[in-house]
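# sequence and predicted structure, then a few things I'm wondering about:
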Amino acid sequence: MIICPVCDHVQSEGEECDGCGKRFPGLVDTQEPVVVPLPELELTHHAGGRVEVQSEPLPELDLTRLRSGPDLPAMSVPDLELTSAGATGEVPVAPMVDLDTGRAPDDGVRTEAPMGAVTCRYCRHVQAEGLLCDGCGMRLPRARMAAQAPVKGRVAEGERVPCPSCHTPSFPGRACVACGTKVQVEA
């Protein structure tokens, strides 16, 4: 079996990965193939592509040739001259009364940074800290407080109840093992 070093795709045969197209270095034939010229084909020789070709100019096409570059005289377009406009004159400038140019005064109240376990949205691994999931390596969402959603009804001692967030059976009063939400029971 061949395992691709790039995408870990497993396949039984082939010179390149069926998943990502990576060529396998140990299986690729590095020798150049032998090319045998066919005797029935005419070999056309050229000297580097810069050989003078004898051709006569066609007079009917020569008349339609447009001149370009330095052989054209410079032309002035008066309608497009932006510098030819005269002075603007006095324009009244009135301040906008409704425009707020500042920020609101600081009241000193700050939002507390969220803390708590974060659940990876890809593999559902619960992790207390870090930017990348320890389970699958994907980027974790920003840390957030685990919601404390109560479970309605009476629960016997040692009985599990479904988590209000992910419905995983959990013990009341503890954090859910799957998502970290604290499970509470309403009386």
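Perfect, thanks for sending it. As the structure is a prediction and not an experimental result, all values here were calculated from the model. Numbers count the residues shown, from 1 in each chain.
# going forward, measure contacts between C-alpha atoms and count neighbours the same way
Will do.
# residue ranges with poor pLDDT in this structure?
26-31, 42-51, 61-72, 81-85, 113-115, 142-155, 186-187 (pLDDT under 70).
# where do the helices of it begin and end?
Remark: helices assigned in the chain by DSSP state H are 59-62.
# ok, which stretches of it are strands?
2-3, 10-11, 118-119, 126-127, 148-151, 161-162, 169-170, 182-185 (DSSP state E).
# starting at the chain centroid, how far to the second one?
Using Cα atoms, centre = their mean, to the nearest Å, the distance from the centre of strand 10-11 to the centre of the chain it belongs to is 28 Å.
# same for it, what does it pack against?
For strand 10-11, the elements it packs on are strand 2-3, judged by 3 or more Cα pairs under 8 Å, 6 or more residues apart in numbering; DSSP states H and E.
# just the buried positions in stretch 5-25, please.
By neighbour count on 16 or more other Cα atoms under 10 Å, the buried set for stretch 5-25 is Glu16, Cys17.
# and it, end to end?
10 Å (Cα to Cα, to the nearest Å).
# circling back: which one of the strands of the chain is the most hemmed in?
Stretch with highest mean neighbour count among the strands of the chain: strand 118-119 (a mean of 24; mean count of other Cα atoms under 10 Å).
# in the sheet, which strands lie alongside that strand, parallel or antiparallel?
Strand 118-119 pairs in its sheet with strand 126-127 (antiparallel), by DSSP bridges.
# tell me which residues are up against the strand it pairs with.
Outside strand 126-127, the residues that touch it by Cα atoms under 8 Å, 6 or more residues apart in numbering are Ala117, Val118, Thr119, Cys120, Cys133, Asp134, Val177, Ala178, Cys179, Gly180.
# nearest to the spatial middle of the protein, which residue is it?
Centroid-nearest residue in the chain, with Cα atoms, centre = their mean: Arg139, separated by 13.9 Å.
# next, the contact list for the residue nearest to it when sequence neighbours are not counted, please.
Residue nearest to Arg139 in three dimensions, not counting chain neighbours: Leu132, with 4.5 Å by Cα to Cα, 6 or more residues apart in numbering. Going by Cα under 8 Å, 6+ apart, Leu132 touches Met138, Arg139, Leu140.
# can you rerun that using 10 Å?
Leu132 makes contact with Cys120, Met138, Arg139, Leu140, Pro141 under the criterion Cα atoms under 10 Å, 6 or more residues apart in numbering.
# ok, how many other residues are close to Thr111?
5 (other Cα atoms under 10 Å).
# now Phe171
21.
# try Pro105
Count around Pro105 with other Cα under 10 Å applied: 6.
# which of the contacts of Leu132 count as buried?
Judged by 16+ other Cα under 10 Å, buried ones among the contacts of Leu132: Cys120, Leu140.
# from the contacts of Leu132, which two are the most distant?
Spatial extent of the contacts of Leu132 (Cα to Cα) is set by the pair Met138 and Pro141 at 9.6 Å.
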